[in-house]
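Q: A predicted structure for the sequence below; I have some questions about it.
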Amino acid sequence: MVGTTSSGKSTLARQLAKNISADFIELDALHWEPNWAEAPDDLFRQRVEIAISSEAWVAAGNYSVVRDIVWTHAEAIIWLDYPFHIVFWQLLKRTIHRAITQEELWNGNRESFWTHLKFWSEESLFHWLFKTYWRRKREYPMLFALPENAHLKIMHFKHPKETECWLKGDSHF
């Protein structure tokens with residue numbers, strides 16, 4: 001499951017994993033250490049290799065450092081490629097919710113609303129959205145076209161309604 005921040009990757013991957021009785025793998029949970037420290041690449045890759053060793057799994061995340069591991073063993077990629085205004089709104093709602101509830105994400109980490117409002121800060125998910133949204137739109141089609149990814153079935157959803165229809169089985173995807 002790939003897509004820009006707040007496109008709904010984890011939510012959809014969790015639901016799909018439940019529907020097909022597979023393990024749900026949240027790459028963020030394997031990547032982030034306490035205090036928002038990034039795991040070293042070798043440790044992160046090791047964690048991902050262990051996670052995908054199960055018989056059936058659904059992974060959510062965009063980490064290029066483990067893309068070769070995940071995509072080589074995947075059968076399909078679902079790309080959530082929603083309009084900017086939709087993901088921006090989803091990010092705003094999610095950030096407010098997490099800031100109010102102080103929901104623990106991974107390894108004791110919690111999001112701070114004020115950190116994310118600093119759009120110029122590298123720590124802001126809004127900054128990350130602006131930085132990566134258009135890049136991913138260009139990057140993914142090129143990655144999908146590479147010979148090493150020819151085995152992957154690509155499902156490209158451009159609106160949450162398309163995704164909902166597919167999940168319900170009401171779609172041609």
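A: Received it, and whenever you're ready, just let me know what you need. Everything numeric in this text was worked out from a predicted model, so none of it was measured. Residues are numbered from 1 along each chain as shown.

Q: residues in contact with the residue nearest the centre of the chain?
A: Nearest to the mean C-alpha position of the chain, by C-alpha atoms, centre = their mean, lies residue 61 at 3.1 Å. Shown in contact with residue 61 (C-beta atoms under 8 Å, 6 or more residues apart in numbering): 1-2, 9, 25-28, 31, 70. For glycine as for every other residue, the C-beta is placed from the backbone atoms N, C-alpha and C.

Q: and of those residues, the nearest to residue 54?
A: The shortest approach to residue 54 among the contacts of residue 61 belongs to residue 25, at 8.7 Å (C-beta to C-beta).

Q: how deep is that closest one tucked in, by neighbour count?
A: Using other C-beta atoms under 10 Å, residue 25 has 24 neighbouring residues.

Q: Return the longest helix along the chain as PDB; C-alpha atoms alone will do.
A: Longest helix in the chain by number of residues (criterion: DSSP state H): helix 125-144. Listed next in PDB are the C-alpha coordinates belonging to helix 125-144 (Å, rounded to 0.1, in the frame of the first residue of the first chain):
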ATOM      1  CA  LEU A 125       3.800  16.400   8.300                       C
ATOM      2  CA  PHE A 126       2.200  19.200   6.300                       C
ATOM      3  CA  HIS A 127       5.800  20.200   5.100                       C
ATOM      4  CA  TRP A 128       6.300  16.500   4.200                       C
ATOM      5  CA  LEU A 129       3.000  16.500   2.300                       C
ATOM      6  CA  PHE A 130       4.000  19.500   0.300                       C
ATOM      7  CA  LYS A 131       7.500  18.100  -0.300                       C
ATOM      8  CA  THR A 132       6.400  14.600  -1.500                       C
ATOM      9  CA  TYR A 133       2.900  14.800  -3.000                       C
ATOM     10  CA  TRP A 134       3.900  15.800  -6.500                       C
ATOM     11  CA  ARG A 135       7.100  13.800  -6.400                       C
ATOM     12  CA  ARG A 136       5.200  10.600  -5.700                       C
ATOM     13  CA  LYS A 137       2.800  11.300  -8.600                       C
ATOM     14  CA  ARG A 138       5.900  11.400 -11.000                       C
ATOM     15  CA  GLU A 139       7.900   8.700  -9.200                       C
ATOM     16  CA  TYR A 140       5.500   5.800  -8.900                       C
ATOM     17  CA  PRO A 141       4.600   5.300 -12.600                       C
ATOM     18  CA  MET A 142       8.300   5.200 -13.400                       C
ATOM     19  CA  LEU A 143       9.000   2.700 -10.600                       C
ATOM     20  CA  PHE A 144       6.000   0.500 -11.600                       C
END
